[in-house]
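S.K.: Quick one: sequence plus predicted model below, questions after.
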Amino acid sequence: MASPTEAPLSRLEQIYTPLGDYLRSVSHDEDAVLAFAEIEALIGRPLPPQARLKQLWWASIPRQPQSRAWLRADRRAAPDLMAETVTFVFDVFTRDNPLERIQGIRAAWLGYARTSLSIPPRDPDGPHVDLGWWEPHEVYLLHLPANGQFKVGLTRIGSKRLVSVGGATARTVDRITMANRWAALVVEHHVLELAWDAWERPDRFASGDKGETERWNDWLVPPPLSAVCDSLEEDRQAPGWDVSAYRK
């Protein structure tokens, strides 16, 4: 298993990079107290309205691009909306995403998918039909040359997920259409089972919305998705394997 890969800065995060640079210049044993106006001067633009209205905007979670700016500087934000100030306290952000935890989560998803495939919907009001999960889904393999990685994932037919996940340099290596999300999830799981030895831990500041836990070093080349699917003889016997049901 390789060391964590560093996530590139998103366009939105780059807006707040000057704030992060300033926070890194402050001694670790000092709190950095900044007025909203001072932050706006650092980044060269007004803060969005939510920053003055919602505590959540200042939540120190890597899913938010602005939060990653101060998390990378080992700071946690404590806003005072009434005073329009923020205290940035020294706090090294850690993320609990070891391989064993990711494997446990994936195993739970596999179990739920197999349970769902054992009881396919009998009518449009069946479980998860309204969510579109019984509609055809695609399993895809991407090669990310900039990172030296492969990635497996699944998406609805016709979605723009591949573009948003892989970016401009990603190359689609393979794709296969499955009857529903559950069958697609089973195929995805077994691709990952073959790739765990080359799995790469995501950067601790990864946003989590680009399938960062489904990537591995490209020294391990995956087999064709059709071969993976063909190998799942027992799963393919499930009553819902070839079932598609569409939303009203």
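M.R.: Now that the structure is in, tell me what you want to look at.
S.K.: Residue 97 and residue 55, how far apart?
M.R.: As judged by C-beta to C-beta, to the nearest Å, residue 97 and residue 55 stand 26 Å apart. Quick note: C-beta positions are derived from backbone N, CA and C, even for glycine.
S.K.: which other helices and strands contact the top helix by length along the chain?
M.R.: Secondary structure assigned by DSSP state H gives helix 99-118 as the longest helix of the chain. Contact analysis of helix 99-118 by 3 or more C-beta pairs under 8 Å, 6 or more residues apart in numbering; DSSP states H and E lists helix 181-195 as its packing neighbours.
S.K.: 10 Å instead, please
M.R.: Helices and strands touching helix 99-118, by 3 or more C-beta pairs under 10 Å, 6 or more residues apart in numbering; DSSP states H and E, are helix 181-195, strand 200-202.
S.K.: excluding its backbone neighbours, what's nearest residue 48?
M.R.: Leaving out its chain neighbours, the residue that sits closest to residue 48 by C-beta to C-beta, 6 or more residues apart in numbering is residue 57, at 7.4 Å.
S.K.: ditto for residue 134
M.R.: Nearest-residue entry for residue 134: residue 245, 3.9 Å, with adjacent residues in sequence omitted and distances by C-beta to C-beta, 6+ apart.
S.K.: Measure how buried the one you found is and give me the count.
M.R.: By other C-beta atoms under 10 Å, the residues close to residue 245 number 21.
S.K.: Also residue 161?
M.R.: 16.
S.K.: Then the one 3 residues further on?
M.R.: With neighbours defined by other C-beta under 10 Å, the count for residue 164 comes to 12.
S.K.: which SSE is it in?
M.R.: Residue 164 is part of helix 161-166, with elements assigned from DSSP states H and E.
S.K.: from the middle of its chain, how far away would that helix be?
M.R.: On the basis of C-alpha atoms, centre = their mean, to the nearest Å, helix 161-166 sits 11 Å off its chain's mean C-alpha point.
S.K.: so what secondary structure elements neighbour that helix?
M.R.: In terms of contacts (3+ C-beta pairs under 10 Å, 6+ apart), helix 161-166 is packed against strand 137-144, strand 149-156, strand 171-178.
S.K.: Give me the residues contacting it.
M.R.: For helix 161-166, the external contacting residues (C-beta atoms under 10 Å, 6 or more residues apart in numbering) are 138, 140, 142-144, 146, 151, 153-155, 170, 172, 175, 209-212, 214-215.
S.K.: Next, the residue lying farthest from the centre of the chain: secondary structure please.
M.R.: Largest separation from the mean C-alpha position in the chain: residue 83, at 34.7 Å (C-alpha atoms, centre = their mean). Secondary structure, DSSP: H, G, I helix; E, B strand; the rest coil: residue 83 is coil.
S.K.: Quick check: it vs residue 52, distance?
M.R.: Computed as C-beta to C-beta, the residue 83 to residue 52 distance reads 11 Å.
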